[in-house]
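Chemist: Please find the sequence and the predicted model below.
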Amino acid sequence: MVGVRVLGITGPKKAAKAAPATGKSARYYPADDIPRPKHSRAKKHNAPKVRASITPGTVCILLSGRFRGKRVVCLKSLESGLLLVSGPYKVNGVPLRRVNQRYVIATSTKLDVSKVDVSKINDAYFARVESANKEGEEEFFANDAPKPAIVSDQRKADQKTVDAALMKVVESTPLLKNYLGSNFSLKKHDRPHKMVF
């Protein structure tokens, strides 16, 4: 009786159900290979929680990257969980950039950055723009000299507006400009775990 049922199977769904039950291969084969979408367990991840010590206006010390040892001002936390910081550029040469909070020491120095407008700056602002003229293989190997980074006029204008508002706050506080301009470093007998920043 079981064999009679298998002969009567028609259609892909019935064949797929009957195959494991009977142990026989399905008699229906699709004419084309239809790609099935793979089951994805990925879900939308929320942005990492920012430490309580890091708030807009907190002076932070960068621990890695090109500007390690520099003191910067945290302007806000972005949707990705990264921090938007600036030097300001006039004081220590650190432009508007994103920084992971793991590579930052938050100090007890805080500034009032409520008048600094950074509402337009988000994660998409820092997306890379691919150049229209891509170099070929010969040009790639021929030019060993590194090419200078080209900063757009929009970024330069945004940097100036942010720095102008930030410099008013910095210059109103005594010795803050010198503090932001100095680099952080550890000496031989310094104990960072006992330091109060």
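Modeler: The structure has been received and is ready for your questions. Numbers count the residues shown, from 1 in each chain.

Chemist: ok now do the residue lying closest to residue 68 once chain neighbours are set aside, which residues does it touch?
Modeler: Nearest non-adjacent residue to residue 68, counting by CB to CB, 6 or more residues apart in numbering: residue 62, 5.4 Å away. C-beta here means a position set from N, CA and C on the backbone, and glycine is covered the same way. Residues near residue 62 by CB atoms under 8 Å, 6 or more residues apart in numbering: 68-72, 85, 94, 99, 103-104.

Chemist: now do 10 Å
Modeler: 68-72, 85, 94, 97, 99, 103-105, 183-184 (CB atoms under 10 Å, 6 or more residues apart in numbering).

Chemist: Equivalent analysis for residue 183, please.
Modeler: Shown in contact with residue 183 (CB under 10 Å, 6+ apart): 61-62, 67-71, 92.

Chemist: Let's see the PyMOL selection covering just the buried ones among those residues.
Modeler: Selecting the buried subset of the contacts of residue 183 in PyMOL, with 16 or more other CB atoms under 10 Å as the burial test, is done by:
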select buried, resi 61+62+67+70+71+92
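
Chemist: Domain boundaries for the chain, per the record?
Modeler: The domain map for the chain lists 1-27, 58-142+151-186, with the assignment taken from automatic domain parsing.

Chemist: and the last one, how far apart are its ends?
Modeler: To tie it back to what came earlier, the one meant is domain 58-142+151-186. Taking CA to CA, to the nearest Å, domain 58-142+151-186 runs 21 Å from one end to the other.

Chemist: pretty sure residue 51 contacts residue 101?
Modeler: Yes. Using CB atoms under 10 Å, residue 51 is in contact with residue 101, at 6.1 Å.

Chemist: which intervals of this structure have sub-threshold pLDDT?
Modeler: Scanning the chain for pLDDT under 70 picks out 1-26, 130-136, 139-147.

Chemist: Tell me which of residue 51 and residue 101 has more neighbours.
Modeler: Remark: of residue 51 and residue 101, residue 101 carries more neighbours, 18 against 14, as counted by other CB atoms under 10 Å.

Chemist: Give the residues shared as contacts by residue 51 and residue 101.
Modeler: Contacts common to residue 51 and residue 101, judged by CB under 10 Å, 6+ apart, are 77, 83.

Chemist: Tell me which residues touch residue 168, please.
Modeler: Residue 168 makes contacts with 115-116, as judged by CB under 10 Å, 6+ apart.

Chemist: so it, which of the three states?
Modeler: Of the three states, residue 168 takes helix under DSSP: H, G, I helix; E, B strand; the rest coil.
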